[in-house]
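Q: Have a look at this fold, sequence not included:
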C-alpha cells in the first residue's frame, strides 16, 4: 500500500494508529528505491537544485527523480522552493521532519557498511 493511501486512511479516520503497523507506515513513505539516496544527498549537501541531485545519483532517471521528489514533498520530508530567476530554478532541502530521519539513516549506513565488511571477510576466508 502506498504512503498516500495509508495517510489518507489515517486522516479520514477510516484507520486508526492502532490498526496500522508503524514500520509498514514508515516503509510506505521511504520504501521506494530512490527516496533514501535523495534524502541522504540533501542531508550531506544541504539545499540542492534538481540537476545537482541528478548528478549526485547518476543512475536515476529524470522521471524517477521527479516522481520521488514529488512524493517526498507530499510526505513533508523535503521543501521545494521556486526561484524567480531567468532561467527559473528550483531548490530542494530537508524539512524538520526530514532532518529527523538523518540519525536513523546514519545508523542504517553504518549497519550496511558492517554487513558489506562481513561479506568481504567471509569471501576472503573461503578463498
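A: Yes, it's here. These figures come from a predicted structure and were not determined experimentally.

Q: Give me the contacts around the helix or strand where residue 123 lies.
A: Here residue 123 sits within helix 102-126, counting by DSSP states H and E. The contact list for helix 102-126, computed with C-beta atoms under 8 Å, 6 or more residues apart in numbering, reads 36, 39-40, 43, 94. Quick note: C-beta positions are derived from backbone N, CA and C, even for glycine.

Q: Any regions of this structure where pLDDT drops low?
A: 1-4 (pLDDT under 70).

Q: What ranges does it have for its strands?
A: 48-49, 78-83, 89-94 (DSSP state E).

Q: I'd like a version of these in JSON lines, one that adds distance to residue 13 and mean neighbour count as further columns.
A: Shown next, in JSON lines, are those (distance: least, C-beta to C-beta, whole Å; neighbours: other C-beta atoms under 10 Å):
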{"stretch": "strand 48-49", "distance to residue 13": "37", "mean neighbour count": "17"}
{"stretch": "strand 78-83", "distance to residue 13": "27", "mean neighbour count": "14"}
{"stretch": "strand 89-94", "distance to residue 13": "30", "mean neighbour count": "16"}
